[in-house]
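Colleague: Build me a structure from this.
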Amino acid sequence: MKSIFLFIGRIILAGSFACLCAAPFLFNAATLVLLTQALSMLTLAMLWNLVAGYGNVGVIGQHAFVGIGAYAFFGFAVLAGWGLAVAIPAAMAVTLVFGIAVYGIIFRLRAAYLAVGSWVVAETIMLVASRLEVFGGGSGMAFPAQILKMLGQRPPDRIVTIYLMALVVAIATFLLIWALMKSRIGLGLAALRDSEEGAAVAGVNTRLVRAATFILASPLVGLVGVLSTLQKGRISHIASFSMLDWTIYVLFIVVIGGLGSLEGPIIGTVVFFLLRELLQDYGAFYLIALGALAIAISLFAPRGLWGLARHKFGGDIIPLTHNPK
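Modeller: Sure, this is the predicted structure:
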């Protein structure tokens, strides 16, 4: 039963990957927009899972780095007139600097204090962004047409380009986390996930590991902000720094799928978007259903849907063995 379960899971994963690669040839523009959103959320979920699920840094201010990436990219591409090939890595560098600064502020906090502290920092940055008149202040600004045309002359071409960018970012993020988890650092992260005290006794530098995961994730989260703002064609402090879109939904995805696993964010993203498409026409009941499901999973399956399946069938769909070299 175990081998059959893992075989079917790997076949589904491989088939989904092939389908995503061929999506521009298979689906219309509306579906590609939806898939782009799903890939962006998956990337954020994988990164938050790395920080909170493995690094044990329970932040709820991830939306700050999405907004910083979006605003920095807008500044470099529109205000400074840099090309996309330079503006995108520059925006990631700015987000990295902010990541180091924010961690320097909150690294002494733990548990609820860490969560609240990270949220306060994120909201403060959002309020500062809303006062920046050069970025449109509280109203935001749209990208000039010539910037968007760098992605394609026609809207359908731009949709395909942004989708492919989101796909590459999601794949690169997954491979980076997978390689990290197979290294010595990954062994320390796995120990930290299971028991912080035990990891410290075993010689893991818990402070360094936490800092590494938080700082490593920040520029990639900023890159998702770049993709999001390109897809929307504008920046605004409300959308770019949206706690609901970039933090709350991401937490839901990871909790539902399974915290501290590679498979969890993938499963959680699929469940979230299926529920969103099925229930979004029901107004407030949509959010109520999401909240009720999250509470039920937290109470009866704290390891998430993947943790439940793994306990029943055993093994991992995505092989993960640590290389001591």
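Colleague: Which parts of the stretch 201-325 of the chain are strands?
Modeller: 234-235 (DSSP state E, counting those that start in this stretch).
Colleague: how about low-confidence regions in it?
Modeller: For the stretch 201-325 of the chain, applying pLDDT under 70 flags the ranges 321-325.
Colleague: same thing but 80
Modeller: In the predicted model of the stretch 201-325 of the chain, residues 201-206, 283-284, 311-316, 319-325 satisfy pLDDT under 80.
Colleague: all helices of it, in order?
Modeller: Remark: helices assigned in the stretch 201-325 of the chain by DSSP state H, counting those that start in this stretch are 206-232, 237-240, 243, 249-257, 263-279, 284-300, 304-313.
Colleague: same deal with the stretch 1-150 of the chain?
Modeller: So, for the stretch 1-150 of the chain - with DSSP H, counting those that start in this stretch - the helices run 2-21, 23-26, 29-48, 63-74, 84-106, 111-130, 145-148.
Colleague: and of the helices of the stretch 201-325 of the chain, who's closest to Gly186?
Modeller: Nearest to Gly186, of all those, is helix 206-232, at 9.9 Å by Cβ to Cβ. In this view, the C-beta of every residue, glycine as well, is placed from N, C-alpha and C.
Colleague: what packs against that closest one?
Modeller: Under the contact definition 3 or more Cβ pairs under 8 Å, 6 or more residues apart in numbering; DSSP states H and E, helix 206-232 sits against helix 29-48, helix 63-74, helix 84-106, helix 155-182, helix 184-194, helix 196-201, helix 237-240.
Colleague: Please state the offset of the helix or strand that the shortest one is followed by from the chain centre?
Modeller: Just to be clear, that refers to helix 237-240. Going down the chain from helix 237-240, the next helix or strand is helix 243, by DSSP states H and E. Distance, stretch centre to chain centre, for helix 243: 13 Å (Cα atoms, centre = their mean, to the nearest Å).
Colleague: do stretch 170-182 as well
Modeller: 13 Å.
Colleague: Please identify the deepest-packed of the helices and strands packed on helix 206-232.
Modeller: For these, average neighbour numbers computed from mean count of other Cβ atoms under 10 Å are highest in helix 63-74, which has a mean of 29.
Colleague: re earlier: make TSV out of the helices of the stretch 1-150 of the chain and add distance to Phe214 and mean pLDDT.
Modeller: Formatted as TSV, the helices of the stretch 1-150 of the chain follow (distance: least, Cβ to Cβ, whole Å; pLDDT from 0 to 100):
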stretch	distance to Phe214	mean pLDDT
helix 2-21	28	88
helix 23-26	32	95
helix 29-48	10	96
helix 63-74	10	96
helix 84-106	5	94
helix 111-130	10	90
helix 145-148	31	90
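Colleague: looking at those helices, which is closest to Ile235?
Modeller: helix 63-74 (4.9 Å).
Colleague: What is the closest one packed up against?
Modeller: So helix 63-74, by 3+ Cβ pairs under 8 Å, 6+ apart, packs with helix 84-106, helix 111-130, helix 206-232, strand 234-235, helix 237-240.
Colleague: since we're on Met150, how many residues are nearby?
Modeller: Applying other Cβ atoms under 10 Å, we find 15 residues neighbouring Met150.
Colleague: Please read the previous query as pertaining to Gly53.
Modeller: Around Gly53 there are 26 residues (other Cβ under 10 Å).
Colleague: Wait, it touches Leu251, no?
Modeller: No: if you go by Cβ atoms under 8 Å, Gly53 and Leu251 don't touch, sitting 10.9 Å apart.
Colleague: measure Ile318 to Leu20 for me?
Modeller: Ile318 sits 16 Å away from Leu20, going by Cβ to Cβ, to the nearest Å.
Colleague: out of those two, which sits in the more crowded spot?
Modeller: Leu20 (18 against 15).
Colleague: Spatially nearest residue to that one (excluding sequence neighbours)?
Modeller: Nearest-residue entry for Leu20: Leu167, 5.9 Å, with adjacent residues in sequence omitted and distances by Cβ to Cβ, 6 or more residues apart in numbering.
Colleague: Repeat that for Phe273.
Modeller: In space, Phe273 is closest to Ala38, 5.1 Å off (Cβ to Cβ, 6+ apart).
Colleague: Pretty sure the one you found sits against Ile266.
Modeller: No: Ala38 is beyond contact range of Ile266, at 10.3 Å (criterion: Cβ under 8 Å).
Colleague: If anything else comes up later, I'll come back, but that's it for now.
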